[in-house]
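Participant: no sequence on hand, only this structure:
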């Protein structure tokens, strides 16, 4: 029997609070680049271990550091002067003895580089990896506690590697949905049609009462922008697009600003050669940006844990942050009457990860609904998801779950 | 007139919540080592600029990355095998033209190294910097917007460099005080008398109702530990010390565990040569550990901002996180009837930092006290502290304010 | 009037000495990889400066360092485990003010990386640059004496930057020609037809009297070698090829050995994944291998100067080593009766480079020929070549002259 | 029976040649700093292996790379702006199994750092290692052929690891002695009394007939030089000192120049903060400067082999270069009638190093002396020295033999 508690959350739903702040750093932000590389390396190593050993071995690669470069953007196409430098840091198992006594040596550093290069090529198409960005790697051995815990032959549930906790929320507020969706679409369908918008899009949402301010900082790519007029048109297009998008999620008043720090008179604008501010002065590292649900939400409890790059088999901080979000979404989707739900999972070192010390679902119900009305249904969903905890591991390795 | 709001916090005081989690990473934890170096470098650069230019120039050095080493600890004294590698990353102004036209070149990289070495020597006495740890530095120029904003001749208040926010709390709960004080004393008076305890002390506090569990992970220093018996005695001493210390702060039931992952039978213990787990497999970076008040408190709103290493003159995230904590402490100290106070400061880019977009003090009053009873007094204190915002800058530079 | 001296060389021709030793490190040898990168970067920077400024600015990039990787070669195709690391080091002018006052910032680090990558892709086709090899760069500013001395508008001859000397020889001895040609063809037409031979070919020639021993160490590429038999066949093919080739250059007795350190019984063979021993334990750096004429010839005076990577406009060591070789070849080609010729050029700092302190041609004449017989003709050729010294610069930039 | 040949050298003695060029880079020259570090690391590792294993294990650390810094020297004391960066590169055995089955892990990287720091502190006293210079290390494992060949229990002579050769000369010419001694004394007794002279002293000797030009480039240390007058006096003192010193070695005409590139009018002088040009723009690496006898002598055959940092037990290039010099000195000291002697030792891979393929002593006898007169005596000395070849190893480890 799992220790699952459903109780009332002792505050208003975030949607009903007076002031709300939400932020998302887009995939081209220096911190997100590091998150993305760390997670790509993690997936690459998991796959390497599965292919060669049959289960995932011990590793953590959650420490990528980015040192900004120097660039000279210019209308019609500028150039990088000094390359960005990225150091992939972490621990990984390099030697492993198979059951038949074969001693394997695993190409963890080469695979880390290959994974990171593939990720960068796909997600930062304007960046010439190798010339605009130097990719370096330093993966040491860990403390030697090789845990071979996952794969075809891993029938048992892994044990928690730490006393840690994860927290998830659902549903997203209107402001949260706008911030999250705006970045995803700007870096998705919109970006595909408008190559002038770089991947370094940072979106800040601030709601005071019924007024939502959305501030977009979008790096423009110089080779697609011929002059100041095209630049102005590009920012206006983004403003119109995000304003329309926001309309789908709220009836509140919405105000959108794009690149507010620009001074068009002075020619001081947000123009880049590669689509990211990492090209000029903005450093980055893992775990400093978006939380596991893709947002920074100071109105809600957050875990400080860096999710990206962690081993998805037994790193409990990673698993429980992803799982608690997953549970919160499942419960609010399947159970009626919930206005705000917060799920916390607290591990205990050495316990099976499907049996947290406590799984705690705190809820703000809609008017006329009591916690007791939903307790049984919610408990069942939490229980079922915990039973299938290793699904999270699998989905992370297959790239189905985003960690930032 | 400043926009100061005092309102009721729509939740129970953290002290009254059912479950509370608190954590502190001690100064020898790999993440804290990075925070400490970043902040030491920041102080060194501020002082350099004040000495040579008369005011602080633009810089941010909040990206130190630590790559763990490899060590072979042994009773009576082991050794480091492969050194720890630390890369100091950031931006700093290297050229400056004085009013008289003199062009100064500033030794920012050398000063960064000197500051970091001095910090490490003082705070990690068992570590031979240069042989056990390699200190590297890569400080680029920033985006060129040299802001000369602080010093004798800086009569005006700086403008916010970003739209950001800071959050602070007071008073600390019992659990928070125990966690914070335990680490400080273990790394203070206790450590001075007991050199066998390393600086890498991590303390986790968990309260469920009236039961407080304190889990201490303390790296022991091998040269002061002759055998397994001395090791056991050392951990027992820590357990007794923290148990006594907790008594000063609470009447609740307290249970203390030290180095719970040890397996004394197997000889698997937490022994180090240098007093930090960075010597063997634990990487670290800035902004991943303690928040500006020295704690990780998932029960409370936290800023994701890395405070350590940021420029204390105009980096609004740093200033507002420190100031909001300072304000919360001042208000609860001077005003009666407050059970829990949360102060949020929200900046607006381009506005003077003494005039936040909103300063928002949310309070849980003690029984019988209304928010209205304390509003005027609280407002006055907030106003006065905001008026003296540059005090925070000065205290940071002089090392009076801790950032992690 | 140039100071040109023609005199008798006070020793036997190298061809007539009792013992002769000659060595050539092929283009895939770790030292040669560094030479090749350094020179490719040099050409890239020269071209950059010519394109943007109209003449070559100050730089020297003659310090590339290679740190070997780790690999697991295997019949049919192995893999790199830890990448090779290459650090391009040097000085280059990054800022330049054009005559019209425009301040240029030059992308020297990005161009260095691009040049090096292009070179590696072309010359080490089995190596996946970026995954098998990390390319890093650190180009500082020089001592500030920006000399803008070459280009369309540079009518004057540059001044020598140092007191230095160059030395060249002709004709090559039989042993020298065999060693040089063998490597060139193995890495040329032979290699094109036989992809199993890697680029790391090292050839040692030793002549005692009329017996020439040629020892070839050739890295084989595992993906083209299915088993020990194919390996043996591959080495035998190389042995036969080099034996035949030697026949074209000598009537002396020649004995060729390939991969003599192999122990086929033990399976200890020279198999690689990438075609270079840099993949497994062999470090390299610039200026440690072949001299400017492509050979290491302890029987002849050699300059210690690293030619590769040096600025070809005013770096006198580079220019005079290339030019003295060029002169020696021209004289022996055009003047009859020379058995051995050694040309030395000695610069004086601050003098025009077409007017060396002394140009000294020492000759061993063929029987019946006196130095006086050839003096006038030789002097004229030396004089003419010195007058056209900047041709060397142009040919280096255009890649016509090899430096190692 | 060893294959020892004594024959006539088919050229004039260098002392009798018309033009002679000699160079020595002082211990503070960037290339020599690298040589010195490489050799200090080598001695440190040899000692580590002797202490823990009883004999020297496989290593080579002959690839140190120095990247110059940036400095702002000033009369009375300037400062380093950006630190020098030094990367120690090489291979070393990290794991070793003792006869009793104990598995040792050896702290090779930490010992490398300690050895290099101690060397720098002793030889570059004005340099603050750690702040003015960053010391980094990357020692990989070699190709796995751990050869445990030296020590108490090593009764047998090691086998040559390569087909290589060494060459030595004696006696030194007058010019060579002046160049060598001048640097040694300037960095010795003279330097002790005159701290204003830095360690980066480069001496070039050029003899044409009976005129010897000695050009000294000596970095002055700013903190000991108050103004341009003191600077001029300092250079004049050096000039006088070297002129006097030269008198002890020659009756030829000697002309000494110090810091000829200076332009005192323009204030363009050779002033440094740390005593080495590595502080400002001059990179360095191992094996690019002095040969094993401390000199660069284009008039004589030289080996390209980098001696510094190589394993002194079985690296035949190192041993034979040192030994051939040693033999040449012994023979000329003990045997009368020799005007110039050149000793070459040629190894064969796999043969005991006391039995070279050929040991070849070529001699220019004094007038009236025939080769036959000295052959027996010379052969005996060569034979005896070869028999005691391992003495070279011991003397290198104990720091008695200089390698550059």
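Facilitator: Noted; the coordinates are in hand. Bear in mind the structure is a predicted one, so any value in this text is a computation, not a measurement.
Participant: C-alpha from now on. contacts and neighbour counts both.
Facilitator: Will do.
Participant: in stretch A:305-325, what's buried?
Facilitator: Neighbour counts using 16 or more other CA atoms under 10 Å in any protein chain shown place A:305-325 of stretch A:305-325 among the buried residues.
Participant: then stretch A:296-305?
Facilitator: Quick answer for stretch A:296-305 (16+ other CA under 10 Å): A:296, A:297, A:298, A:299, A:300, A:301, A:302, A:303, A:304, A:305.
Participant: kindly check the end-to-end length of that stretch for me.
Facilitator: Taking CA to CA, to the nearest Å, the first and last residues of stretch A:296-305 lie 13 Å apart.
Participant: repeat for stretch A:49-60
Facilitator: For stretch A:49-60, the end-to-end distance is 13 Å (CA to CA).
Participant: which strand or helix spans residue A:326?
Facilitator: If you go by DSSP states H and E, residue A:326 is part of helix A:316-334.
Participant: run the chain-centre distance for that helix.
Facilitator: Distance, stretch centre to chain centre, for helix A:316-334: 14 Å (CA atoms, centre = their mean, to the nearest Å).
Participant: sheet partners, orientation included, of the following helix or strand past it?
Facilitator: On the C-terminal side of helix A:316-334, the nearest following helix or strand under DSSP H and E is strand A:338-346. Strand A:338-346 has the following sheet partners, assigned by DSSP bridges: strand A:165-170 (antiparallel), strand A:358-365 (antiparallel).
Participant: just tell me which of the ones you listed ends up closest to residue D:78.
Facilitator: strand A:165-170 (53.5 Å; CA to CA).
Participant: please work out the average pLDDT along that closest one.
Facilitator: Strand A:165-170 comes out with an average pLDDT of 94.
Participant: likewise for stretch A:67-86?
Facilitator: 97.
Participant: if you compare the strands paired with strand A:338-346, which one is most tucked away?
Facilitator: Among the strands paired with strand A:338-346, the stretch with the highest mean neighbour count (mean count of other CA atoms under 10 Å in any protein chain shown) is strand A:165-170, at a mean of 26.
Participant: where along chain A do the helices fall?
Facilitator: With DSSP state H as the criterion, chain A has helices at A:30-52, A:108-123, A:174-186, A:189-193, A:228-247, A:316-334, A:371-387, A:390-397.
Participant: nearest to chain C, out of those helices?
Facilitator: Closest of these to chain C is helix A:108-123, at 5.3 Å (criterion: CA to the nearest CA).
Participant: next, see if that closest one gets close to chain C.
Facilitator: Yes: judged by CA under 8 Å from any CA of the partner chain, helix A:108-123 comes into contact with chain C at A:108, A:109, A:110, A:111, A:113, A:114, A:117.
Participant: what parts of the stretch 301-404 of chain A come near chain B?
Facilitator: Residues of the stretch 301-404 of chain A lying near chain B by CA under 8 Å from any CA: A:301, A:302, A:303, A:304, A:305, A:306.
Participant: quick one: the first one and residue B:303 touch, right?
Facilitator: No: here residue A:301 does not reach residue B:303: they are 10.3 Å apart, not a contact under CA atoms under 8 Å.
Participant: on that earlier part again, for the helix holding residue A:326, packing partners?
Facilitator: strand A:165-170, strand A:338-346, helix A:371-387, helix A:390-397 (3 or more CA pairs under 8 Å, 6 or more residues apart in numbering or on different chains; DSSP states H and E).
Participant: any idea which of the ones you listed is most buried?
Facilitator: strand A:165-170 (a mean of 26).
Participant: show me what contacts the residue in chain A that chain D sits nearest to?
Facilitator: When scored by CA to the nearest CA, chain A has residue A:138 as its residue closest to chain D, at 11.0 Å. Contacts for residue A:138 (CA atoms under 8 Å, 6 or more residues apart in numbering or on different chains) come out as A:87, A:88, A:89, A:90, A:109, B:67.
Participant: number of residues surrounding the second one?
Facilitator: Other residues within reach of residue A:88 by the criterion other CA atoms under 10 Å in any protein chain shown amount to 25.
Participant: identify the bridge partners of it.
Facilitator: Residues in beta-bridge contact with residue A:88 (DSSP bridges): residue A:137.
Participant: can I get the strands paired with strand A:338-346 in TSV with distance to residue B:16?
Facilitator: Listed next are these as TSV, based on distance: least, CA to CA, whole Å:
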stretch	distance to residue B:16
strand A:165-170	20
strand A:358-365	16
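Participant: returning to what we had before: wait, which of the helices and strands packed on helix A:316-334 is closest to residue A:56?
Facilitator: Ranking those by their distance to residue A:56 (criterion: CA to CA) puts helix A:390-397 first, at 10.0 Å.
Participant: what angle separates that closest one from helix A:371-387?
Facilitator: Helix A:390-397 and helix A:371-387 are oriented at 60 degrees to each other (axes from the mean of the first three to the mean of the last three CA atoms, to 10 degrees).
Participant: ok, residue A:21 touching residue A:203?
Facilitator: No: the criterion here is CA under 8 Å, and residue A:21 misses it with residue A:203 at 10.9 Å.
Participant: what's the overlap in contacts for those two?
Facilitator: Counting by CA under 8 Å, 6+ apart, no residue touches both residue A:21 and residue A:203.
Participant: can stretch A:75-83 be found next to chain C?
Facilitator: Yes: applying CA under 8 Å from any CA, one finds stretch A:75-83 in contact with chain C at A:79, A:80, A:81, A:82, A:83.
Participant: just the residues contacting the helix holding residue A:326, thanks.
Facilitator: If you take CA under 8 Å, 6+ apart as the criterion, helix A:316-334 is touched by A:160-171, A:292-293, A:303, A:305-308, A:310-313, A:338, A:341-347, A:353, A:378, A:381-382, A:385, A:389, A:392-393, A:403.
Participant: could you give the angle of that helix to helix A:371-387?
Facilitator: Inter-element angle recorded for helix A:316-334 and helix A:371-387: 130 degrees (by the same axes, to 10 degrees).
Participant: in the stretch 101-250 of chain A, what residue is nearest chain C?
Facilitator: residue A:107 (4.0 Å).
Participant: what residues are up against the nearest residue to that residue once chain neighbours are set aside?
Facilitator: Counting by CA to CA, 6 or more residues apart in numbering or on different chains, residue A:107 lies nearest to residue C:81, which is 4.0 Å off, once chain neighbours are set aside. Going by CA under 8 Å, 6+ apart, residue C:81 touches A:105, A:106, A:107, A:108, A:109, A:110, C:69, C:70, C:71, C:72.
Participant: narrow the residues you listed to those that are buried.
Facilitator: Here, 16+ other CA under 10 Å leaves A:106, A:107, A:108, A:109, A:110, C:69, C:70, C:71, C:72 buried among the contacts of residue C:81.
Participant: with distance to residue C:244 added, can I get these in CSV?
Facilitator: Converted to CSV, the buried ones among the contacts of residue C:81 look like this (distance: CA to CA, whole Å):
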residue, distance to residue C:244
A:106, 43
A:107, 41
A:108, 44
A:109, 43
A:110, 41
C:69, 35
C:70, 35
C:71, 34
C:72, 34
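Participant: sweet, I'm off.
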